[in-house]
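K.L.:
sequence plus the predicted model coming up.
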Amino acid sequence: QVQLVESGGGLVQTGGSLRLSCAASGRTFSTYAMGWFRQGVGKEREFVATIKWSGGSTYYADSAKGRFTISKDNAKNTVYLQMNSLKPEDTAAYYCAASSRYSGSYLADIKYNYWGQGTQVTVSS
C-alpha cells in the first residue's frame with residue numbers, strides 16, 4: 001500500500017502561483033509513476049501532469065504546458081506541482097496519484113492505483 005497526502009492548495013488571484021506537494025509513504029519503492037489530476041465542479045477528472053519515478057521523464061496536459069512543472073524529491077518521497085500564471089479555469093480539486101503498475105503511458109486515471117484525498121485550488125478573477 002502507498003499513502004498519499006497532498007498539501008499546498010488555496011485561494012490565489014489570476015496570474016498568481018501555487019506549489020502543491022504530495023508526500024508518499026508506505027511501499028513507495030514499488031512506484032513506477034506519480035501524477036496530478038484535477039476535477040472541477042460538475043466536470044470529469046482530468047489529467048494534469050505525470051512523472052516517472054525512475055528517470056524522471058515528464059508529460060503534461062496541453063492546459064498545463066508552459067505554466068505547470070511537475071518535479072520530485074526521491075529522498076523525501078515527495079512530488080510537487082508548481083503552478084504559475086494561474087487562471088480561473090484552473091480552479092479545481094487537485095489529486096495526487098501513484099501507480100505501482102508498469103505501463104507505457106500514465107496519462108489515464110485508470111493507470112493509477114493509489115490516490116490522495118485532494119487539495120482545493122481556487123483562482124479568483
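P.N.:
Here it is on my side, so go on. Everything numeric in this text was worked out from a predicted model, so none of it was measured. Numbers count the residues shown, from 1 in each chain.

K.L.:
please make it C-alpha for all contacts and neighbour counts, starting now.
P.N.:
Fine.

K.L.:
doesn't Lys72 lie inside a strand?
P.N.:
Yes: checked against DSSP: H, G, I helix; E, B strand; the rest coil, Lys72 lies within a strand.

K.L.:
report the contact partners of Leu20.
P.N.:
6-9, 80-83 (C-alpha atoms under 8 Å, 6 or more residues apart in numbering).

K.L.:
what is the nearest of those residues to Asp90?
P.N.:
Asp90 lies nearest to Met83 out of the contacts of Leu20, by C-alpha to C-alpha, at 9.5 Å.

K.L.:
hmm, that closest one is touching Thr69, no?
P.N.:
Yes: assessed by C-alpha atoms under 8 Å, Met83 is found in contact with Thr69 at 6.6 Å.

K.L.:
outside of stretch 84-92, which residues touch it?
P.N.:
Against stretch 84-92 from outside (C-alpha under 8 Å, 6+ apart): 13-18, 38-41, 67-68, 120-125.

K.L.:
what are the buried residues along that stretch?
P.N.:
84, 86-87, 90-92 (16 or more other C-alpha atoms under 10 Å).

K.L.:
now render those as a markdown table, adding pLDDT, distance to Ala23 and secondary structure.
P.N.:
A markdown table is the format used below for the buried residues of stretch 84-92 (pLDDT from 0 to 100; distance: C-alpha to C-alpha, whole Å; DSSP: H, G, I helix; E, B strand; the rest coil):
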| residue | pLDDT | distance to Ala23 | secondary structure |
| --- | --- | --- | --- |
| Asn84 | 98 | 21 | coil |
| Leu86 | 98 | 23 | coil |
| Lys87 | 98 | 25 | coil |
| Asp90 | 98 | 22 | helix |
| Thr91 | 98 | 22 | coil |
| Ala92 | 98 | 20 | strand |
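
K.L.:
got the residues you listed as TSV, with distance to Val48 columns?
P.N.:
As requested, the buried residues of stretch 84-92 are exported to TSV (distance: C-alpha to C-alpha, whole Å):
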residue	distance to Val48
Asn84	14
Leu86	13
Lys87	14
Asp90	10
Thr91	13
Ala92	11
